[in-house]
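# whatever this is, show me its structure:
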Amino acid sequence: MGGNDLVLTDQIVEDRRTNGEVQLSFDVAFEHFACEQALHEYGLSAEEITAGVIGGGDDGGIDGAYVFLGNRLLHEDSDVFQPSFSVNSLETGVPLTLWLVQAKTSKSFSEVALDKVASSCNLLLDLDADDKTLSGLYSEDLLARINLFRQALLRTAKRMPSVKIRFSYVTRGDTETIHPKVRLKAQHLEVQFAKILGTASGEVEFLGPAELWKRASVIPSYTLELPYQESITHGTSHIALITLGDYLDFLSEEDGSIKSHIFDWNVRDYQGNVEVNREIAASLLDPDAPEFWWLNNGITIVCSGASSIGKRLSLSDVQIVNGLQTSYTLHDTLRDKYEADPDAAVFARLVQVRILVTANQAARDAVIRATNRQTSVPVASLRATDDIQRQIESYFYDRGWFYDRRKNYYRNQGKPLDRIISIPFLAQTVMAMALGRPDYARARPSSLLKSDSDYERVFSSTTPLPVYLWLAMAQRRVDAFLQSSATPVSGSEFTNLHFYLAMLAATDLVGRPFNRPTHLENAAREGAFPTQSRLAELWTRLREEFRHYQEVHGVGPDQTAKNNEFVQHLLESFGWPRTHRK
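Model (predicted):
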């Protein structure tokens with residue numbers, strides 16, 4: 001079977017390599033696929049996976065690096081890095097995870113590869129290491145990802161984070177034939193991870209074709225069965241009392257992990273060991289506490305269909321839109337106990353579940369808003385339910401593009417990855433190309449929509465829907481040009497400049513600088529896009545001005561890319577003075 005697994009995984013990589021707008025090498029496509037499957041449990045988007053892939057040389061044997069605080073992927077503009085963030089809002093022992101991936105197309109696992117990672121991590125994870133020394137040894141891409149971890153560790157130190165370093169070693173080799181010496185090296189690497197940071201724990205896993213195929217072939221199921229004890233039915237919807245044991249089964253995958261995909265539409269993340277969750281856990285563990293459903297607001301599920309046979313509900317297109325904190329706390333507190341003794345008295349206690357049946361997306365959005373208004377939720381978290389978001393999704397869909405206002409919704413349906421557009425990606429594209437602020441788009445990869453004023457500028461009812469689609473397609477074309485360019489473009493250079501190139505391309509088409517999306521109506525109507533040759537000319541000039549600005553002002557590439565003064569300098573260098581930006 002090992003040969004079959006290899007054939008199947010190779011075919012997936014080959015399809016990914018050739019079917020997108022950019023023709024990748026097999027090695028690069030395999031790196032992306034390996035990172036995606038290594039972090040399968042997090043359900044990261046294609047853009048999030050790509051952001052963590054380390055391109056080019058000087059990678060220290062590390063092809064992917066990702067940092068998680070709790071279950072949330074960290075970006076350079078994440079809340080925890082902001083001066084206004086209160087570290088005391090984090091629970092003591094908050095999980096902080098650095099996940100490293102090495103992906104090789106060889107058909108074996110080697111000691112040398114593990115030695116290289118061990119050597120790199122000794123230097124990279126030394127908090128006293130000199131930045132200049134590291135920059136002479138490792139690529140800018142790798143250092144940027146590792147610095148996220150170092151900064152997060154220092155920022156959260158007073159909360160005594162639970163640090164874990166995980167390393168996925170991925171090849172096309174059979175894990176059943178790994179040499180004992182290689183496995184011994186992996187054990188030593190786990191010990192080394194723990195020693196580097198004192199209280200950290202380390203974990204090394206081997207992934208070959210069998211493991212990759214198993215993960216890649218898992219299609220999340222949104223059709224689930226839920227046994228109940230009592231139920232009130234009105235029309236096709238239900239209010240049911242469910243035993244904690246049955247609800248845990250409903251929540252859990254076969255390996256015991258939580259079904260995170262059925263929370264995709266929830267507006268908040270799991271908050272961990274905060275007071276309300278500690279109270280939930282305490283009431284679960286106290287045998288003398290009142291009935292659990294008396295103390296808890298319960299769970300709200302929306303689904304497109306529900307049928308009852310006996311005392312079992314069969315639910316289609318399940319999404320838990322309220323009750324994430326209760327669900328995760330139940331799972332964290334009781335899952336191990338349930339596996340050890342499923343007949344314990346606690347699992348006969350009840351939780352209330354509301355099951356609202358509607359195939360109407362607007363109605364589902366109304367439920368999400370209404371059931372999350374009773375507690376504090378940032379307004380930005382509810383953006384996906386706005387009318388403009390549903391209108392963009394519908395317009396894109398009718399034209400063969402997929403606006404993923406619900407993270408991974410279209411990816412789980414098997415839609416082409418290069419035609420899936422996320423809300424953050426579209427927001428950055430609008431900010432850069434239509435509003436003339438590539439610096440702002442670059443500086444806020446994950447936080448652009450937290451401000452009401454920014455959101456209203458980006459997603460305005462006055463912007464025609466064809467302009468949104470044109471912007472997404474144009475940015476994709478710009479990105480494809482850079483990724484297939486004859487001149488190598490590093491990951492950091494791509495991150496810093498791809499929105500700038502898109503702005504220049506849009507400005508060039510219009511003929512002058514502008515900061516209103518309506519200026520792109522003609523381009524959208526006519527389907528006009530910059531040619532490859534013109535993109536090449538703009539790119540050459542952009543790189544020259546980018547280097548020149550850094551030399552003159554004595555600043556680094558990141559600082560330059562996030563500085564509006566560079567935007568003005570760039571426009572003036574093209575003969576487009578700032579006074580013309582109307």
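
# ranking helices and strands of this structure by mean pLDDT, which lands last?
Taking mean pLDDT, DSSP states H and E as the measure, the helices and strands of the chain show their lowest mean at helix 361-371, namely a mean of 72.

# on contacts alone, who are the packing partners of the helix or strand hosting residue 351?
Residue 351 belongs to strand 350-357 when assigned by DSSP states H and E. The contact analysis (3 or more CB pairs under 8 Å, 6 or more residues apart in numbering; DSSP states H and E) places strand 350-357 against strand 237-243, helix 244-251, helix 292-295, strand 299-303, strand 305-309. Placement of C-beta: from N, CA and C, glycine included.

# residue 279: which of those is closest?
Closest to residue 279 of the helices and strands packed on strand 350-357 is helix 292-295 (CB to CB; 8.4 Å).

# if we can go back for a sec, so of the helices and strands packed on strand 350-357, which one's packed in deepest?
Ranked by average neighbour count under the criterion mean count of other CB atoms under 10 Å, the helices and strands packed on strand 350-357 are headed by strand 299-303 at a mean of 25.

# give me the residues contacting that one.
Contacting residues not belonging to strand 299-303 are listed as 247, 265, 315-323, 326-327, 351-358, 364, 367-368, 371 [CB atoms under 8 Å, 6 or more residues apart in numbering].

# partners of it, with directions?
Strands that pair with strand 299-303, judged by DSSP bridges, come out as strand 319-322 (antiparallel), strand 350-357 (parallel).

# save these as a markdown table, and put in distance to residue 477 and mean neighbour count too.
Below are these laid out as a markdown table (distance: least, CB to CB, whole Å; neighbours: other CB atoms under 10 Å):
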| stretch | distance to residue 477 | mean neighbour count |
| --- | --- | --- |
| strand 319-322 | 33 | 24 |
| strand 350-357 | 41 | 21 |
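
# strands of the stretch 51-200 of the chain, start to end?
64-69, 72-73, 95-103, 162-170 (DSSP state E, counting those that start in this stretch).

# okay, those in CSV with mean neighbour count and mean pLDDT next?
CSV is the format used below for these (neighbours: other CB atoms under 10 Å; pLDDT from 0 to 100):
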stretch, mean neighbour count, mean pLDDT
strand 64-69, 24, 95
strand 72-73, 18, 88
strand 95-103, 24, 95
strand 162-170, 23, 95
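
# go through the ones you listed and name the closest to residue 138.
Of all the strands of the stretch 51-200 of the chain, strand 64-69 comes closest under CB to CB, at 10.9 Å.

# give me the contact list for the closest one.
Applying CB under 8 Å, 6+ apart, the contact partners of strand 64-69 are 31, 34-35, 38-39, 42, 44, 49, 52-54, 73-74, 78, 80, 90, 94-103, 142, 145-146, 148-149, 152, 156.

# now do stretch 350-359
Here stretch 350-359 makes contact (CB under 8 Å, 6+ apart) with 226, 228-229, 235-244, 247, 291-293, 296-306, 313, 315, 317, 326, 330, 364, 367.

# gap between residue 164 and residue 28?
28 Å (CB to CB, to the nearest Å).

# go on, residue 435?
For residue 435 relative to residue 28 (CB to CB), the value is 32 Å.

# next: residue 189.
Counting by CB to CB - residue 189 and residue 28 are separated by 25 Å.

# ramachandran coordinates for residue 416?
Torsion angles at residue 416 (phi, psi; degrees, to the nearest 10) stand at phi -60, psi 130.

# make sure it is actually in contact with residue 20.
Yes. Look at residue 416 against residue 20 with CB atoms under 8 Å: they come within range, at 7.4 Å.

# got the contact list for the nearest residue to residue 106 once chain neighbours are set aside?
Nearest residue to residue 106, sequence neighbours excluded (CB to CB, 6 or more residues apart in numbering): residue 171, at 5.4 Å. Shown in contact with residue 171 (CB under 8 Å, 6+ apart): 103, 104, 105, 106, 107, 108, 109, 207, 208.

# the last one: how many residues sit nearby?
Read it as residue 208. 24 (other CB atoms under 10 Å).

# that one and residue 573, how far apart?
From residue 208 over to residue 573 the distance is 51 Å, taken as CB to CB.

# what mean pLDDT does stretch 568-582 get?
The average pLDDT within stretch 568-582 is 75.

# and for stretch 250-266?
82.

# quick one: buried residues of it?
250, 251, 252, 258, 259, 260, 261, 262, 263, 264, 265, 266 (16 or more other CB atoms under 10 Å).

# ok now that stretch, how far from the chain's centre?
Mean-position distance between stretch 250-266 and its chain equals 17 Å (CA atoms, centre = their mean, to the nearest Å).

# run through who's touching that stretch.
41-43, 71, 220, 222, 224-226, 242, 302, 318-322, 324, 327-328, 330-331, 335, 339, 364, 368, 384, 406-409, 412.

# ok so, going back, I'd like the helices and strands packed on strand 350-357 laid out as TSV, including distance to residue 425.
Converted to TSV, the helices and strands packed on strand 350-357 look like this (distance: least, CB to CB, whole Å):
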stretch	distance to residue 425
strand 237-243	35
helix 244-251	30
helix 292-295	41
strand 299-303	26
strand 305-309	32
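
# which one of these lies closest to residue 193?
Proximity to residue 193 (CB to CB) singles out helix 244-251 among the helices and strands packed on strand 350-357, at 30.3 Å.

# now find how far off-centre that closest one is within its chain.
Using CA atoms, centre = their mean, the offset of helix 244-251 from its chain centre is 27 Å.

# next: stretch 132-146.
The answer for stretch 132-146 is 23 Å, by CA atoms, centre = their mean.

# mind listing residues that contact it?
Contacts of stretch 132-146 (CB under 8 Å, 6+ apart): 52, 54-60, 62, 65-67, 76, 98, 120, 123-125, 131, 490-492, 557.

# which residues of the stretch 301-450 of the chain fall in strands?
According to DSSP E, counting those that start in this stretch, the strands that the stretch 301-450 of the chain contains are 305-309, 312-316, 319-322, 350-357, 402-404, 420-422.

# could you dump those to a markdown table with mean pLDDT and distance to residue 532?
Formatted as a markdown table, the strands of the stretch 301-450 of the chain follow (pLDDT from 0 to 100; distance: least, CB to CB, whole Å):
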| stretch | mean pLDDT | distance to residue 532 |
| --- | --- | --- |
| strand 305-309 | 86 | 48 |
| strand 312-316 | 91 | 45 |
| strand 319-322 | 86 | 42 |
| strand 350-357 | 93 | 50 |
| strand 402-404 | 92 | 25 |
| strand 420-422 | 92 | 22 |
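
# what residue ranges in the stretch 1-150 of the chain score low on pLDDT?
Counting by pLDDT under 70, the ranges of the stretch 1-150 of the chain that qualify are 1-2, 21.

# ok, residue 7 to residue 106 distance?
Residue 7 is 17 Å from residue 106, by CB to CB.

# er, residue 478 I mean
The gap separating residue 478 from residue 106 is 34 Å, by CB to CB.

# of those two, which one has the most company?
residue 478 (28 against 10).

# just the element for the more buried one, please.
Per DSSP H and E: helix 465-483 holds residue 478.

# how far away from the center of its chain is that helix?
On CA atoms, centre = their mean, the centre of helix 465-483 falls 20 Å from the chain's centre.

# which helices and strands sit right next to it?
Identification of packing neighbours for helix 465-483 by 3+ CB pairs under 8 Å, 6+ apart yields helix 387-397, helix 423-429, helix 491-510, helix 521-526, helix 532-553.
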